[in-house]
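Colleague: Based on what follows, work out the 3D shape:
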Amino acid sequence: MGRIVTQEEIIKIVREGQEEGKTFVATNGCFDILHVGHVRYLEKTKSLADFSIVMLNSDKSVKLIKGDSRPINNQDDRAEILTALKCVDYVVLFEERSPASLLEKIKPDIYTKGADYTLETLPEREIVEKNGIKVEFIDFVQGKSTTNIINKINK
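Modeller: Reported below is the predicted structural model:
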């Protein structure tokens, strides 16, 4: 079962784990209304390393990106739901628009991002290259998105 941890705790967990030869993969997102696309993405992410970390956008961060009507579910609920998934070992919140600063502090072995990005368009490219973090791009499940769910509910 996953755990919700502070930024300081996850940095310590990763450092100690890496010293023992364990591997860590990190990803990020809002994960507002969890759907099968999220689950498949997170399962693929977890399959790449011993431990998986979800850097979760805080409510403040989601509002900065998606506007005042979001998130639908608050950060505590989203974090708890994510930790209930067997493919998520740790959840850590961040307040900024981007997880770049946290990613640089954590320095996981691998970082996953949706396949709508490439290395050239990856906002965190400089950080992953500077820190030797391997990047894996994961395909989305066609037609599955929180926005689509919200639009369907609103109809």
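Colleague: Which strand or helix spans the residue nearest the centre of the chain?
Modeller: Closest to where the C-alpha atoms of the chain average out (Cα atoms, centre = their mean) is residue 28, at 2.1 Å. Per DSSP states H and E, residue 28 falls inside strand 24-29.
Colleague: Identify all contacting residues around the worst-scoring helix or strand of the chain on mean pLDDT.
Modeller: None of the helices or strands of the chain scores lower by mean pLDDT, DSSP states H and E than helix 146-154, at a mean of 75. Residues outside helix 146-154 that contact it (Cβ atoms under 8 Å, 6 or more residues apart in numbering) are 30, 32, 33, 35, 72. Where C-beta positions appear, they are placed from N, C-alpha and C, glycine not excepted.
Colleague: Over to stretch 84-96?
Modeller: With Cβ under 8 Å, 6+ apart, stretch 84-96 has contacts from 1-7, 9-10, 13, 28, 39, 42-43, 45-46, 51-58, 60-61, 75, 79, 82-83, 101-102, 106.
Colleague: which of the residues you listed count as buried?
Modeller: Taking 16 or more other Cβ atoms under 10 Å as the criterion, what is buried in those is 2, 4-5, 7, 10, 13, 28, 39, 42, 45-46, 51-58, 61, 75, 79, 82-83, 102, 106.
Colleague: Now, these that are in strands?
Modeller: Counting by DSSP state E, the buried ones among the contacts of stretch 84-96 place 4, 5, 28, 51, 52, 53, 54, 55, 56, 57 in strands.
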